[in-house]
Each structure stands twice: as structure tokens, then as C-alpha cells.
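J.: Give me coordinates for this.
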Amino acid sequence: MRRRAAVLCGAAAVLAGSLTAVPAEASAPHSAGTFRLAKPTWRKCGTTDFPSLQCASLKVPLDHANPDGRQVTLALSRVPHTAETFQGPLLVNPGGPGGDGLALAGFVAAALPKEVAAQYDVIGFDPRGVGASRPALDCEPGYFGPVRPDSVPGTPEAERANLARAKSFAAACSTKYGHLLPYIDTISAAHDIEAIRQALGAKKINYFGYSYGTYLGAVYAGLYPQRVRRLVLDSIADPTDVWYTANLNQDHAFNDRHRAFLAWVARHDARYRLGTDPERVEATWYAMRAALAKKPAGGRVGAAELEDTYLPGAYFNGYWPPLAEAFAAYVNRKNAEPLVEAYEKFGAIDAADDNSYSVYTAVQCRDAFWPRDWHQWRADNWAAYEKAPFMTWNNAWYNAPCAFWPTESLRPVNVANGKLPPVLLFQATADAATPYEGGVTLHRLLAGSSLVVEQGGGNHGITLSGNACLDKHLAAYLTDGTVPRGFGEADAACDALPEPKPPATASDKAASASSNGAVLHRLLGFRH
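T.: Below is the predicted model:
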């Protein structure tokens, strides 16, 4: 996981079919008691990239069922509307769980057509526990520091080392935040969104979420359908698959996407000189992994760190050229420096990422049932690894603290909903982080929703990323609620953007790094 955005403001898996409806105590708005939400006081906090940003904070109950109890503080950001026509607040969320969303408001306001953005107050927020919200979680600083044990537990010693790390992280979270962990979950975050709505004085909200943010948005819509005006969900987490089996399904999709990257490298053999046969290139990549497991590059990039470095390529193909350059330099010139540089750019973890991972585990482990018997994890992940070796075990250890988590699990939310206005869904057919089936499933569960598919696309987070066809549907919906209506699995389809090309000049690299797609994916981050 990488930091999604700079801090802008100071603080002032369950098996499919095991869903239940939202419990009555969760579905009821918790506005009783003497607690009163203060109207946010906005102040300037603009950046060079997003000069119109304003920031504020909002105190909300830690436990929404006990509104007079302890409070936590949410950090908010805003780009205010400028048009005479005002369509209300548009809350944006980058996913995670654990993604900080303050800068995303600036990006969305800048990336939408000006006449559309001008009609909304675009609102970003750091969910409870995240970023500039307080308290912010950081269970075990430096948990991902290099060099970690090999993620593939090929020996009992490697498995014990990774298990010890997972147990220590769960124990550290329990020691530091045991009083908070029962309230770091998706349902609590959805109630926070309702608190934001009330504090803004809006009768209804508009919501635009990416990745896990699609699940958060669907849960909010299930709790407060009468408060939803417009709902945009991009790269959809399957709501029937939270969260254990979702990660196993991800493993196969990640493997497919990594192989797509390696096939791209083979097609550009004139540049990278790694062979024209994708299977040969794949074998070379795994030989590199084996070598780094024995001798980490620069004392920092071992086998696990290599996986961390190349995982972002499964999220966004704009990263393929620098990842291919690092791969080629290591193999062809025995030069590990570009690989270390790629790790520092794409794989290394900083303090913001430590915070994000702490919230990620807190939410995922609390949201739904995880097996407590490590024998099941071992059997399921070895079975997945046989077909999908790229990220299976890395992903397993990323989530393994949930096997030892100190809080009880909630029941997953059944987000099926027939009470909403038209909802707009976006999904790429080869998305790895949130596989295509999730979009189809949510389309079926949200009556009257429309699904726009990026045919052949493999990026995660596809709107406002350079695809004019997708963005046309988004702009029309935010302008007047128009959605496409078709037949069958999807209502509309757009062709994917062309694959990237190896940059020929430094200016090509700079242009790629400053594109909307690159900026968006830096904000969204990885591990969603």
C-alpha cells in the first residue's frame, strides 16, 4: 500500500450466500440523545495542484448507538460550487479501507468538466482512524520494513516467521487501540457519512466512490436510501464476497494481470530484450524473484518486496514502462539500482501507509467472518497458489492478522436495494483488484442501476482517467441524472484505452506521470 495523498488539513471474508440484512440497530439513524453536530468551519488549505481546496473537521460519536459517549474527529475537505445551479454535496472516497480522501476532492473537481464540477460542493474526507482524522491508527510502525521473510512459506521456518509477524500485528493493534477497534468498520463509516450530510445541512447527498469506496457507498445507500440523490460506483467490490473469499478471488485476477504485463514486455522485446515469448519472460521474472530471495537487491528488495513493487502494475498499466525498465536492468545488465528505485517509488511503505494498513485490517477484520483455523488458510492459499503464484501468499500474509483479530466479527451487509434513484456503475472487464463479476453482481442487487463496462480494460479506477467514453456517461449523470439503458449484463460499453508504449524521451515520461490516470492512481493507491 502506498500513500494516496499528502495530508492537507490538521486534525481540529465471508462465503457468498452468507449475507444477512442490515440489523435493525445498525439501519436506524442514530441521531437521538443530546449530541449535536456542529456545522463545519471551512478554511483555506489549497495546494499547488488543487488551490481551491478548503478544510474543516467534524466531531462524531465513536459509537453511533451511544451518541452522548466518546467522540472522534473526521477531517474534511471541500471544493465549493461556483455555479448558480447547485446540486448539493458530492462526497468522494478513494477506497481502501484506509484510503485518505482529502486530496481526491481537489482531483475530482479539477478532472470533471468545469460546468459539471461547478454545480457541486465536492467533499473529501478521511474516514475514522485515517490520515488527518483523529485518533489516527498506527498499530505497528515499520511493520513492512525490508527485508521481510519470503512470502511463499516453502519451509516451516518461513511459515512460522510470517505467522509470528501477523500475530504480533494483531496483538499490537489490540494493545494500542482495543477500545477503538469495535467501532472501526464499514457500518460505522457509513453512519459517519450520514453525520457529514447532517452537518452540511443537505437533505440528500451525491456520492462517488472507487474500489472499497463502492462497498461503503452501497452500505450507506442501504442504511439511508432516502438520503441518496446520485450514486456513482467505480471498480466495484463484490458485496456478496466480503472479505476472505474476495482476497482468494483477487489472487487469480492479479496473476492474470501480471501475466498481461509480462506479455506486454514480450511485445516490446526491441526495447527490453527479455524475449518475445511471454512464458519465457514469465520464467525470467520468477528467476529474478528466486535470486532476490537469496540476495536482496541493495539490501532492501527481497522476494516479498519484489511482489510489493510489481503489484501496482496490476492496478494501473501506466506503471508498466518503469517496471519493465527495472526488470530489464536487473536481468540484462546486472544493475539492481533501477529495481531499488522502483521499490522506493511503488512498494516501500511510509508512515501514512502504516496508518492506512492499520485501518485496512481494522475494517476488514471487523466487517465479516475470517477463519480462525490457520489450517484452512494454509489449504486455501496453497490451492490458489498452484494456479496463481504471483501474489497469493503475499496477499494472504497481508490479511493474516484477521485470523488473530481481537474483535468479534460483524455480519456482512446485504446491500440489495430497490429504493434508490438511478445508480451509475463502472467496471473494467479485466480489473484485478475488484474482478468484473463484482460489478455484475451489484448491478443485479441495485434495482434500476446502470452498468457501464470498459471492454478489455484492466485498470482499477477507470473514470476521470482519460477514457472520454466513460467520462461522457459520468458527466451526463452528474449533470441531470441521465443513465444508459441497455439489455443483458451491461447497459453500455466503452473500448479500453490503448496500452502504454515505452517512452522514447524524458518528456514522454513526464507527460505520462502527469496524466489524469497517473494522478488518480497515485491518489487511489494499492491494496484495495
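
J.: Next, residue 56: phi, psi?
T.: When quoted as degrees, to the nearest 10, the phi and psi of residue 56 stand at phi -160, psi 180.

J.: pLDDT score for the nearest residue to it once chain neighbours are set aside?
T.: Distance criterion CB to CB, 6 or more residues apart in numbering; nearest residue to residue 56, sequence neighbours excluded, is residue 40 at 3.5 Å. All C-beta atoms are positioned from the backbone trio N, CA, C, and that covers glycine. According to the per-residue confidence, residue 40 scores 96 in pLDDT.

J.: ok, now which ones touch residue 40?
T.: With contact set as CB atoms under 8 Å, 6 or more residues apart in numbering, residue 40 has these partners: 56-58, 76, 199-200.

J.: Mind doing that once more with 7 Å?
T.: If you count contacts by CB atoms under 7 Å, 6 or more residues apart in numbering, residue 40 has them with 56, 58, 76, 199.

J.: Quick check, residue 231 in contact with residue 221.
T.: Yes - under the criterion of CB atoms under 7 Å, residue 231 makes contact with residue 221 at 5.9 Å.

J.: so what's in contact with those two at the same time?
T.: A shared contact of residue 231 and residue 221, defined by CB under 7 Å, 6+ apart, is any residue touching both; here these are residue 420.

J.: Relative to residue 203, how far out is residue 93?
T.: 21 Å (CB to CB, to the nearest Å).

J.: These two - which one has more neighbours?
T.: Taking other CB atoms under 10 Å, residue 93 and residue 203 do not tie; residue 93 has more neighbours (28 against 9).

J.: bridging residues for that one?
T.: residue 209 (DSSP bridges).

J.: per-residue confidence for it?
T.: The model's pLDDT for residue 93 equals 98.

J.: Now do the contacts for it.
T.: Going by CB under 7 Å, 6+ apart, residue 93 touches 101, 209-210, 213, 216.

J.: got it, and residue 342?
T.: If you count contacts by CB under 7 Å, 6+ apart, residue 342 has them with 309, 322-323, 326.

J.: go on, residue 144?
T.: Residue 144 sits next to residue 349 when contact means CB under 7 Å, 6+ apart.

J.: Use 28 as the first number from now on
T.: Noted, 28 is the first residue going forward, which turns the last one into residue 171.

J.: quick one, phi psi at it?
T.: Backbone geometry at residue 171, expressed as degrees, to the nearest 10, gives phi -100, psi 20.

J.: Please apply the same query to residue 71.
T.: The main-chain torsion angles of residue 71 are listed as degrees, to the nearest 10 and equal phi -70, psi 140.

J.: In this structure it contacts residue 83, no?
T.: No - in terms of CB under 7 Å, residue 71 does not count as a neighbour of residue 83; the distance is 10.9 Å.

J.: ranges for the strands of the chain?
T.: 70-71, 81-88, 98-106, 116-120, 148-153, 232-237, 255-261, 450-455, 477-482, 519-522 (DSSP state E).

J.: what residues does the first one touch?
T.: Just to be clear, that refers to strand 70-71. Strand 70-71 is touched from outside by 81-82, with contacts defined as CB under 7 Å, 6+ apart.
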